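1. Whatever this is, show me its structure:
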Amino acid sequence: MKCVVLAAGYATRLYPLTENFPKPLLKVGDKTILDWLLDDINESGLVDEYVVISNHKFAHHFDDWAKTKSIKITVVDDGTDTNETRLGAVKDIQFAIEKLGIDDDMLVIAGDNVLDFSLVKFAEYCKEKNTSCVMRYYEPDEKRLLKSGVVTVDENDLVIDMTEKSPTPATHWCCPPFYYYTKNDASLVRKGIESGCGTDAPGSYIAWLCKQTKVHSMEMPGSRYDIGNIESYEKVKATYKGIIK
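-> Sure thing, here's the model as predicted:
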């Protein structure tokens with residue numbers, strides 16, 4: 001399995017911290033955000049390569065960081081250097097697939113999220129279902145739902161529908177940016193783009209894919225800490241206790 005890390009954003013709301021430095025490499029406690037994620041996932045033994053998709057402006061920071069790790073990490077530079085010219089998450093995924101010739105199952109994660117639970121649980125769930133999968137958590141705040149991916153599921157966790165940033169969310173099941181694509185479904189990303197799926201939000205491909213094939217959704221077994229601005233970053237640094245195994 002390949003783990004593809006979405007890290008090509010510019011995190012403009014965290015300026016000046018991220019004006020010349022990538023958000024995933026900010027420290028929370030004694031580790032960077034990205035270290036927390038990858039060190040945890042690596043315990044599963046399911047991933048043989050980590051692919052970090054960066055923009056051109058920050059790629060060298062990820063290259064330097066990758067040299068400090070003992071796992072196989074490939075940094076892909078998508079060639080953009082401003083927030084206005086960014087490719088968008090789905091096009092970044094396709095860029096990495098084509099550049100590296102990826103032909104494998106893929107765990108796709110946002111590289112700027114802090115979690116208090118192990119993603120190994122999600123990887124195991126995906127293997128058990130043997131379909132593409134997402135996670136979900138109950139979000140009571142309707143204003144947050146308007147800015148999020150929202151899923152509708154049946155009693156067997158099957159995704160019936162998914163929308164990104166809908167003005168009329170169908171449920172309160174919010175979908176965080178952690179996805180699993182089977183090898184076959186990963187090969188359909190270009191088709192999804194050509195069929196008109198959204199490309200900026202990472203969940204847009206799943207919104208298209210769930211209409212083509214089976215996608216399951218696991219209820220998130222813990223909490224996700226959103227770092228959207230400097231205030232929330234300082235709060236996470238002060239309160240985060242690590243991953244509960």
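2. so residue 202 touches residue 8, yeah?
-> No - between residue 202 and residue 8 there is no contact, the gap being 10.9 Å when judged by C-beta atoms under 8 Å. Just so you know, the C-beta spots here come from the backbone N, C-alpha and C atoms, and that holds for glycine as well.
3. what residues do those two have in common as contacts?
-> residue 89 (C-beta atoms under 8 Å, 6 or more residues apart in numbering).
4. more neighbours, these two?
-> Neighbour count, other C-beta atoms under 10 Å: between residue 202 and residue 8, residue 8 has more, with 28 against 24.
5. show me what contacts the more buried one?
-> 53, 54, 55, 78, 80, 86, 87, 89, 92.
6. One more: residue 4?
-> Applying C-beta under 8 Å, 6+ apart to residue 4 gives the contacts 51, 53, 93, 96, 102, 106, 107, 108, 109.
7. In which helix or strand does it reside?
-> Using DSSP states H and E, residue 4 maps to strand 2-7.
8. and that strand, which strands flank it?
-> Looking at strand 2-7 with DSSP bridges, its partner strands are strand 49-54 (parallel), strand 106-110 (parallel).
9. As a markdown table, those strands with distance to residue 41 and mean pLDDT would be great.
-> Listed next are those as a markdown table, based on distance: least, C-beta to C-beta, whole Å; pLDDT from 0 to 100:
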| stretch | distance to residue 41 | mean pLDDT |
| --- | --- | --- |
| strand 49-54 | 8 | 97 |
| strand 106-110 | 7 | 96 |
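10. Mind putting these into CSV with mean neighbour count?
-> Shown next, in CSV, are these (neighbours: other C-beta atoms under 10 Å):
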stretch, mean neighbour count
strand 49-54, 23
strand 106-110, 24
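11. Any idea which of those gets closest to residue 69?
-> Closest approach to residue 69 among these is made by strand 49-54 (8.3 Å; C-beta to C-beta).
12. contacts for the top helix by length along the chain?
-> Ranked by residue count and defined by DSSP state H, the top helix of the chain is helix 89-100. For helix 89-100, the surrounding residues in contact (C-beta under 8 Å, 6+ apart) are 4, 6, 8, 51, 53, 74, 76, 78, 87, 102, 108, 177, 186, 189-190, 192-193, 197-202, 204-205.
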